[in-house]
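*Asks:* Following is a predicted model, sequence given first.
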Amino acid sequence: MKAVFPGTFDPPTNGHLNLIERASRIMEKVLVVVSANSQKRYLFTPQERHSFLVTMTTHLPNVEVFIWDKLIVDFAANHQIRTILRGVRAFTDFGYEFELSMINKGINHSIETFLMPTDPRYFVLRSSAIKELVQLECDVSSMVPPVVEEALKEKHAKGQLL
């Protein structure tokens, strides 16, 4: 079975990587899809986020990374994939992801959503909190891969953190 794992990944965290690694052990193929919604404001460009994820997943031969600027159900259909994988940290995530899965199902009835609970080590990781911690010059090395940590520090040094 193949799965699509979509997200903004702004920035990608060790929690994201953990979900990708776990999914890659279960699924034949995992397509990680970086959202490029022009209506949203991101710290990193889609190309930067794509590059981070490619670097983070080089050890996973059955993982590919893409950028997409349309509905994720359309991406899945274009790649003949019927499974969307989403991570959930808490009950509030579950409610949001459940509603999103119903919307996706309404758009394309053949799409199924699998919700994967976050590993407890990464329960509190949120990209927005990590950006805040970098602004406060805290150590985030346990929260993000080195390539992301470097880029965050560079953005902070340039005064570009949101």
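*Replies:* Yep, that arrived. Residues are numbered from 1 along each chain as shown.
*Asks:* and the top helix by length along the chain, what does it pack onto?
*Replies:* Assignment by DSSP state H gives helix 91-107 as the longest helix of the chain. Helices and strands touching helix 91-107, by 3 or more C-beta pairs under 8 Å, 6 or more residues apart in numbering; DSSP states H and E, are helix 72-78, strand 83-88, strand 112-117. From N, CA and C alone the C-beta is placed, and that goes for glycine too.
*Asks:* buried stuff in it?
*Replies:* 97, 101, 104 (16 or more other C-beta atoms under 10 Å).
*Asks:* With stretch 141-151 instead?
*Replies:* Neighbour-count burial for stretch 141-151 [16+ other C-beta under 10 Å]: 143-145, 147-149, 151.
*Asks:* From the chain's centroid, how far away is that stretch?
*Replies:* Per C-alpha atoms, centre = their mean, to the nearest Å, the displacement of stretch 141-151 from the mean C-alpha position of its chain is 15 Å.
*Asks:* what's next to that stretch, contact-wise?
*Replies:* 11-15, 17, 44, 48, 52, 55-56, 125, 130, 133, 140, 152 (C-beta atoms under 8 Å, 6 or more residues apart in numbering).
*Asks:* try stretch 47-59
*Replies:* Contacts of stretch 47-59 (C-beta under 8 Å, 6+ apart): 8-12, 16-17, 20, 32, 34, 42, 44, 63, 65-67, 145, 147-148, 151.
*Asks:* run the last query once more with 6 Å
*Replies:* For stretch 47-59, the surrounding residues in contact (C-beta atoms under 6 Å, 6 or more residues apart in numbering) are 9, 12, 17, 32, 34, 63, 65, 67, 145, 147-148.
*Asks:* Would you mark the buried spots in that stretch?
*Replies:* Per 16+ other C-beta under 10 Å, stretch 47-59 contains these buried residues: 48-53, 56-57.
*Asks:* mind putting those in TSV, pLDDT, distance to H79 and secondary structure included?
*Replies:* Below are these laid out as TSV (pLDDT from 0 to 100; distance: C-beta to C-beta, whole Å; DSSP: H, G, I helix; E, B strand; the rest coil):
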residue	pLDDT	distance to H79	secondary structure
E48	98	23	helix
R49	98	19	helix
H50	98	16	helix
S51	98	21	helix
F52	98	21	helix
L53	98	17	helix
M56	97	21	helix
T57	98	17	coil
